[in-house]
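Enquirer: sequence? don't have it. structure:
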């Protein structure tokens, strides 16, 4: 997928830092991609000392996403394009993360709703020994702008997760996560869902199998143009929760020594 970026002159410590793959899953995002990739790569160049690369993971788009993505790969060093033949955010993350050779894999939504300044906080948590670090819109200190309906839906869903599985995390669905390569290789192959429930399933399996999860309060602004079908997603999520509750958490290899 190309050489990681971030090896700027004068940053000799970079060579000793973990490499990071940042996946941006997309479906029919030809309009949003140019601005998002421009903002993201500029931030990474100026603020991230880790060697990095951005992977546009295309969920079988039917518009000009492929053409736009390939153009962006030519315009911006450190950006690559990964076509996925079938739809599903989870399917895109599975393919990109399991194919990655980076020390850390991560992802963020193309709308960049979560403030990019929180990315170094996720990486710092992993460097401190956590296996997974997630953006949380429901933790003390978070700053969230979104509709009342989406706020209530999100809080209700996460309370349901806690009541069913006694999990330590507050926000399963924020599209802003990072995990170590070892955690991804151990957990992702055991995730059955390929769509929106992928995130929740990842975190429940991780929490119940001894992986340490760090929740980072974030600044988050709702995208008014989101195409997510809340009712359909909620139905899928509820089915997934009961599948895990009744079918059991899959056996996953315990984490390696958390020290880095």
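Expert: Here it is on my side, so go on. The structure presented is a predicted model; accordingly, all values stated were derived computationally and were not measured.

Enquirer: how about the helices in the stretch 151-260 of the chain?
Expert: Remark: helices assigned in the stretch 151-260 of the chain by DSSP state H, counting those that start in this stretch are 181-187, 198-208, 230-247.

Enquirer: any idea which helix or strand in this protein has the lowest mean pLDDT?
Expert: One helix or strand of the chain scores below all others by mean pLDDT, DSSP states H and E: strand 143-145, with a mean of 86.

Enquirer: residues of that one that come out buried?
Expert: By neighbour count with 16 or more other Cβ atoms under 10 Å, strand 143-145 contains the buried residues residue 144. Glycine gets a C-beta too; all of them are placed from N, C-alpha and C.

Enquirer: again with stretch 122-129
Expert: Result for stretch 122-129 [16+ other Cβ under 10 Å]: buried residues 122, 123, 125, 126, 127.

Enquirer: what's the closest of the residues you listed to residue 76?
Expert: Proximity of the buried residues of stretch 122-129 to residue 76 (Cβ to Cβ) peaks at residue 123, which lies at 20.6 Å.

Enquirer: which elements pack onto the helix or strand containing that closest one?
Expert: Using DSSP states H and E, residue 123 sits in helix 119-127. When contacts are defined as 3 or more Cβ pairs under 8 Å, 6 or more residues apart in numbering; DSSP states H and E, helix 119-127 sits against helix 33-47, strand 104-108, strand 132-136, strand 176-180, strand 213-217.

Enquirer: reformat those as TSV; add mean pLDDT.
Expert: Shown next, in TSV, are the helices and strands packed on helix 119-127 (pLDDT from 0 to 100):
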stretch	mean pLDDT
helix 33-47	98
strand 104-108	98
strand 132-136	97
strand 176-180	98
strand 213-217	97
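
Enquirer: who's in contact with stretch 241-255?
Expert: For stretch 241-255, the surrounding residues in contact (Cβ atoms under 8 Å, 6 or more residues apart in numbering) are 131, 160-161, 164-165, 182-183, 186-187, 190, 192, 200-201, 204-205, 208-212.

Enquirer: which among those residues count as buried?
Expert: Among the contacts of stretch 241-255, those that count as buried by neighbour count (16+ other Cβ under 10 Å) are 131, 161, 165, 182-183, 186-187, 200-201, 204-205, 208-209, 211-212.

Enquirer: tell me the two of the residues you listed that are most distant?
Expert: The span of the buried ones among the contacts of stretch 241-255, defined through Cβ to Cβ, is set by 161 and 182 at 24.1 Å.

Enquirer: so what's residue 139 scoring on pLDDT?
Expert: Note on residue 139: pLDDT of 88.

Enquirer: residue contacts, it?
Expert: Counting by Cβ under 8 Å, 6+ apart, residue 139 touches 170, 171, 215, 216, 217.

Enquirer: make it 6 Å
Expert: Contacts for residue 139 were tallied using Cβ atoms under 6 Å, 6 or more residues apart in numbering; they are 170, 215, 217.

Enquirer: distance of it relative to residue 30?
Expert: 34 Å (Cβ to Cβ, to the nearest Å).

Enquirer: ok, now residue 169?
Expert: 34 Å.

Enquirer: please say which of these two ends up with more neighbours.
Expert: Neighbours per residue (other Cβ atoms under 10 Å) separate residue 169 from residue 30, with residue 169 holding more: 22 against 15.
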